[in-house]
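Peer 1: output the structure for:
(chains A and B)
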Amino acid sequence: MHPAAWWLWSLSLGTAATRTTNPLLLALLIATSAYVVQASRPHTPWSRSYSAFVKLAVTVLLVRLVFAVALGSPIPGTHTLVTLPEVPLPHWAQGIRIGGDLTAEALVFALYDGLKLATLLVCVGAANALASPTRLLKTLPGALYETGVAVVVALTFAPHLIADVHRLRAARRLRGRPDRGLRGLLQVGLPVLEGALERSVALAAAMDARGYGRTADLPAALRRTTTVLTLGGLLGVCAGTYGLLTAEGGTYGVPVLLGGVAAALAGLWLGGRRSPRTRYRPDTWNARSCLVAASGVAVAALLSAAAAADPAALHPGVVPLVAPVLPLWPAAAVLLGLLPAFLAPAPPAPPAPRAPDKEQPS
Amino acid sequence: MIRFENVSVTYDGAAEPTVRGVDFTIPEGELVLLAGPSGVGKSTLLGTVSGLVPHFTGGTLRGRVTVDGRDTRTHRPRELADVVGTVGQDPLSHFVTDTVEEELAYGMESLGLAPAVMRRRVEETLDLLGLADLRDRPIATLSGGQQQRVAIGSVLTPHPRVLVLDEPTSALDPAAAEEVLAVLLRLVHDLGTTVLLAEHRLERVLQYADQVALLPAPGAAPVLGAPADLMAGSPVYPPVVDLGRLAGWSPLPLTVRDARRRAGALRERLEDRTPPAGREAPVVQAPLPRPPAVHRWRRRRADPATAAQAPAAVAEVRSLAVRRGRVEALRRVDLTVAPGETVALMGRNGAGKSTLLSTLVGLVEPSAGTVRVGGAVPHRTPPRELVRRVGLVPQEPRDLLYADTVAAECAAADRDAGAEPGTCRALVSGLLPGIADDVHPRDLSEGQRLTLALAVVLAARPPLLLLDEPTRGLDYAAKARLVAVLRELASAGHAIVLATHDVELAAELAHRVVLLAEGEVIADGPTPEVVVSSPSYAPQVTKILAPQPWLTVAQVREALR
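Peer 2: Take a look at the predicted model:
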């Protein structure tokens, strides 16, 4: 399965989530993504990121609710649940309220709003779990590949740094200093950075010795064409966008933008020939990938259409407070997103759990 | 294949060249061992072959190095990547991707090999190095030996004609080291690869080398020659050579097998002598009965008297278990350490040696069982008090050092330990004279840094001293100094526990050896009993003189006097 297909699918589900505030539909979207992740995620460390994103989503939802409770809400409401003591504020802070009446309407509005954001986060988490960003970077065109590797290496920097901090704080204990607290953290800062720098230099040397950044000899004319195409293309994109956004540029905007994009892509393709590298077992875009991506896009498109056709069903009212109803057709559309769970090949069996090496912590 | 023409390398800011007068040729398909004390420029010389010196490190290279006809002056490391494969000291800093299979393919991708070729070579290499079961595993979860094999595999896939390795077996347990060396030997024999490797643990590698390039001293010109000839006058030599020199064998034997064949006469001379009895722990200070090697748990039940005498022991571990996530790192471990006793913890990478040491200093909380160090529970004791009971020199001594200069480090250590000002500095000078006050700890040699870390720990005078893998990166001279220092500490009443892969060190120092496997103690007994019976943990002298129970050349020398 091509990683881009998974990202398209997940982000489309996320887009669909932004079209509605109906909690039933949002819950359905979350359930759909969770089911597909459970059925198709590979057994790599990255695939565990889904639960981290779910935790983040719950946190966002709670923060949203706490704000609604503490700071009040512009939603007028009649069902007062509880009256909190209001903090008296000076007159220049008019419009800001701390405490006061907490109405059911305000709480429900915050819940819907927070749930929308949480669903979006869960969908991004699904993308991470199903296809790690590293895999996505590998599909970059040749001209951008080296940059992609640099980004990936930079990403692995953070976990190493955290491991170093743990090790050095443990070492503080061996010196008889407390290993907790802020001061302990600050004192290990310099050695940690030193160690990280040394490791980076060692890695750079290793990568160089393994052929990172080898270039093929290209005729000067080709190199110049590449530069002209790339720069010209980017200029075209800028001019075209400007044209689209201004009132009088409506005529030339679209063609210039398209021309710029085409020139930039051609430049990238030509630039890729400068790098002689090849791909080991590249992910291929096949019919399954198409279907997976299409199922996601369909969910997004259908929900957008539904939001335009029947806004009331997708945005259940808060004032007056009504119980949300599950709109039948949009719900069926969301279920289309389940398709990948049956399309995607089953992930390989998990490796037997084995003792990780403890002699070489780092 | 590799040709050095009057090469010398001077780093920026250095007054003297690090290596000079290098002038020899390494023919194709040879395994050449680069030997010499620390700090003679072995790594620098290896770097000149891959082009990292001077293109990456800076400095000035005079003369010319050609690899397979390519001049490293005009070819940058990346342009040599298809001829030279390089693996540095730390395999972890070598990995670019995160799974085994991708790592093996990475070098070939950079060289632009066809996808079909890459696929075939990855499969071949997985089989050659025995990595097929690990192909999808994230590299971070592999053991040290596995990581080293992956690192070698990742430079093998582009089929380089030259392999350059810096200390490939130093971090490995004896069995894993054998594994890696077997792979190298196979490459040399079957594929005609030229291998140039630097290694401190000559006893592991010397027997496989076709030639030795010896760097006798800093700045001295290296000599290339047959291993037996060079070992006769080398400043670094493994125990088998030491024994050969002692017995006056010529030519010198390099393998245990050769030495055994010649050792008939020596065995006869030693027949009626016994190894000097200084190897037993000072029993006077430790009225504990020595635990028998087997039936640990039965002993515990049958012998309640041991518990009653507990205050005599500096450390007591009873049915200890440690879990890390889902992994049981230690299971039902019992260990008692008496004052003045030296215990060697041995076992595979990942057997739980470091975890046991961490538990003894309270870095890891036991999930079951009890740990007492000097009567205190380590993980509940505040660090300030704990340092007076137990000190650990970690695997990377640098982790202990924070200050900018040796003097500042010593002053901080005195403050931490509540010792008289100057205590630590006096210890440093006593352990290893010649460490200047104003040097940055980073600029010390491995041996000096270890000494400084040891002094920092000893400033609090802990009765129990723990060392994790202390001989990594030490040459024979530094190791001999460490052995002398530790012996002196032991005779002063310090109990010492060291986790090590170095069987020769254990043979020299330890009264007792505790073997760990999969988190359990599988053997616990006096050094001669445990190591003599194990083929991978027996030191060379034991193998040569078996069935007589000699452990070290020093013992033999003493007995023959």
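Peer 1: buried residues of stretch B:320-336, list them for me.
Peer 2: Across stretch B:320-336, burial judged by 16 or more other CB atoms under 10 Å in any protein chain shown covers B:Leu320, B:Val322, B:Arg323, B:Glu328, B:Ala329, B:Leu330, B:Arg331, B:Arg332, B:Val333, B:Asp334, B:Leu335, B:Thr336. Quick note: C-beta positions are derived from backbone N, CA and C, even for glycine.
Peer 1: which pair in these spans the largest distance?
Peer 2: With CB to CB as the measure, no two of the buried residues of stretch B:320-336 lie farther apart than B:Arg323 and B:Thr336, at 23.0 Å.
Peer 1: now, the buried residues of stretch B:320-336 that are in strands?
Peer 2: B:Leu320, B:Val322, B:Arg323, B:Glu328, B:Ala329, B:Leu330, B:Arg331, B:Arg332, B:Val333, B:Asp334, B:Leu335, B:Thr336 (DSSP state E).
Peer 1: kindly indicate which of these lies nearest chain A.
Peer 2: For these, the closest approach to chain A (CB to the nearest CB) belongs to B:Ala329, at 6.1 Å.
Peer 1: of the ones in strands among the buried residues of stretch B:320-336, which ones also sit close to chain A?
Peer 2: Contacts with chain A within those, as defined by CB under 8 Å from any CB of the partner chain: B:Glu328, B:Ala329.
Peer 1: dump the ones in strands among the buried residues of stretch B:320-336 to CSV, plus pLDDT.
Peer 2: Output for these, formatted as CSV (pLDDT from 0 to 100):
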residue, pLDDT
B:Leu320, 93
B:Val322, 92
B:Arg323, 89
B:Glu328, 86
B:Ala329, 88
B:Leu330, 92
B:Arg331, 91
B:Arg332, 92
B:Val333, 93
B:Asp334, 93
B:Leu335, 93
B:Thr336, 93
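Peer 1: quick one: name the residues of the stretch 301-450 of chain B near chain A.
Peer 2: B:324, B:326-329, B:349-355, B:358, B:361-363, B:382-384, B:386-387, B:391-392, B:394-395, B:398-402, B:412-413, B:416-417, B:442.
Peer 1: of these, buried ones?
Peer 2: B:328-329, B:349-355, B:358, B:361-363, B:383-384, B:386-387, B:391-392, B:394-395, B:398-402, B:412-413, B:416-417.
Peer 1: burial measure for residue 93, as a count.
Peer 2: With no chain named, the answer covers chain A. As a burial measure, A:Ala93 scores 11 neighbours (other CB atoms under 10 Å in any protein chain shown).
Peer 1: not quite, I wanted chain B
Peer 2: Using other CB under 10 Å, B:Ser93 is surrounded by 19 other residues.
Peer 1: now do the closest residue in space to it that isn't next to it in sequence, the pLDDT please.
Peer 2: Leaving aside its sequence neighbours, B:Ser93 sits nearest to A:Ala202 (CB to CB, 6 or more residues apart in numbering or on different chains; 3.8 Å). The model reports A:Ala202 with a pLDDT of 86.
Peer 1: repeat for B:Gly264
Peer 2: 89.
Peer 1: then B:His295?
Peer 2: Reported pLDDT for B:His295: 46.
Peer 1: then the one 3 residues further on?
Peer 2: Model confidence at B:Arg298, expressed as pLDDT, equals 43.
Peer 1: phi first, then psi, for the residue nearest the centre of chain A.
Peer 2: Closest to where the C-alpha atoms of chain A average out (CA atoms, centre = their mean) is A:Val124, at 4.3 Å. A:Val124 adopts backbone torsions of phi -60, psi -40, taken as degrees, to the nearest 10.
Peer 1: try B:Leu61
Peer 2: The phi/psi pair for B:Leu61 (degrees, to the nearest 10) reads phi -110, psi 120.
Peer 1: shouldn't it be in contact with B:Arg73?
Peer 2: Yes: contact criterion CB atoms under 8 Å: B:Leu61 and B:Arg73 qualify, at 7.2 Å.
Peer 1: low-confidence regions, chain A specifically.
Peer 2: Scanning chain A for pLDDT under 70 picks out the ranges A:45, A:156, A:179-181, A:184, A:247-250, A:346-362.
Peer 1: what sits closest to B:Glu328 if chain neighbours are left out?
Peer 2: Closest to B:Glu328 by CB to CB, 6+ apart is B:Gly519, at 5.7 Å.
Peer 1: confidence score at the one you found?
Peer 2: 90.
Peer 1: swap in B:Asp404?
Peer 2: 84.
Peer 1: any idea what sits nearest it, other than its immediate chain neighbours?
Peer 2: Going by CB to CB, 6+ apart, B:Asp404 has B:His440 as its nearest residue, at 6.0 Å.
Peer 1: my guess is that neighbour contacts B:Tyr402. True?
Peer 2: No: taking contacts as CB under 8 Å, B:His440 lies outside contact range of B:Tyr402: 11.4 Å.
Peer 1: quick one: check the biggest helix by length in chain A for contact with chain B.
Peer 2: Scanning chain A for the longest helix, with DSSP state H as the assignment, gives helix A:142-174. Yes: Helix A:142-174 reaches chain B (CB under 8 Å from any CB) through A:Val149, A:Val152, A:Val153, A:Thr156, A:Arg167, A:Leu168, A:Ala170, A:Ala171, A:Arg172, A:Arg173, A:Leu174.
Peer 1: any idea which of the residues you listed is closest to B:Gly21?
Peer 2: For the residues of helix A:142-174 next to chain B, the nearest to B:Gly21 is A:Val153 (38.6 Å; CB to CB).
Peer 1: what separation do you get for B:Ser519 and B:Glu365?
Peer 2: One correction, residue B:519 is Gly, not Ser. 16 Å (CB to CB, to the nearest Å).
Peer 1: who's more crowded, those two?
Peer 2: Comparing B:Gly519 with B:Glu365 by other CB under 10 Å, the one with more neighbours is B:Gly519, at 25 against 14.
Peer 1: got the contact list for the more buried one?
Peer 2: A:Ala355, B:Val322, B:Glu328, B:Ala329, B:Leu330, B:Arg331, B:Val333, B:Ala351, B:Gly352, B:Thr355 (CB atoms under 8 Å, 6 or more residues apart in numbering or on different chains).
Peer 1: so which bits of the stretch 101-250 of chain B are right by chain A?
Peer 2: B:102, B:105-115, B:118-119, B:122, B:136-138, B:140-144, B:146-147, B:154-155, B:158, B:171.
Peer 1: in ChimeraX, how would I select the buried members of these?
Peer 2: Selecting only the buried entries of those in ChimeraX, with 16+ other CB under 10 Å as the criterion:
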select /B:102,105,106,107,108,109,110,111,113,118,122,137,138,140,141,142,143,144,146,147,154,155,158,171
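Peer 1: hang on, the earlier thing: of the buried residues of stretch B:320-336, which is the nearest to A:Ala206?
Peer 2: B:Ala329 (30.1 Å).
Peer 1: these two touch, right, the closest one and B:Gly352?
Peer 2: Yes: using CB under 8 Å, B:Ala329 is in contact with B:Gly352, at 5.2 Å.
Peer 1: just the helices in the stretch 201-350 of chain B please.
Peer 2: B:202-205, B:227-231, B:239-247, B:256-262, B:264-270, B:296-302, B:305-308 (DSSP state H, counting those that start in this stretch).
Peer 1: can I get the ones you listed in JSON lines including mean neighbour count?
Peer 2: JSON lines is the format used below for the helices of the stretch 201-350 of chain B (neighbours: other CB atoms under 10 Å in any protein chain shown):
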{"stretch": "helix B:202-205", "mean neighbour count": "24"}
{"stretch": "helix B:227-231", "mean neighbour count": "21"}
{"stretch": "helix B:239-247", "mean neighbour count": "23"}
{"stretch": "helix B:256-262", "mean neighbour count": "17"}
{"stretch": "helix B:264-270", "mean neighbour count": "14"}
{"stretch": "helix B:296-302", "mean neighbour count": "12"}
{"stretch": "helix B:305-308", "mean neighbour count": "12"}
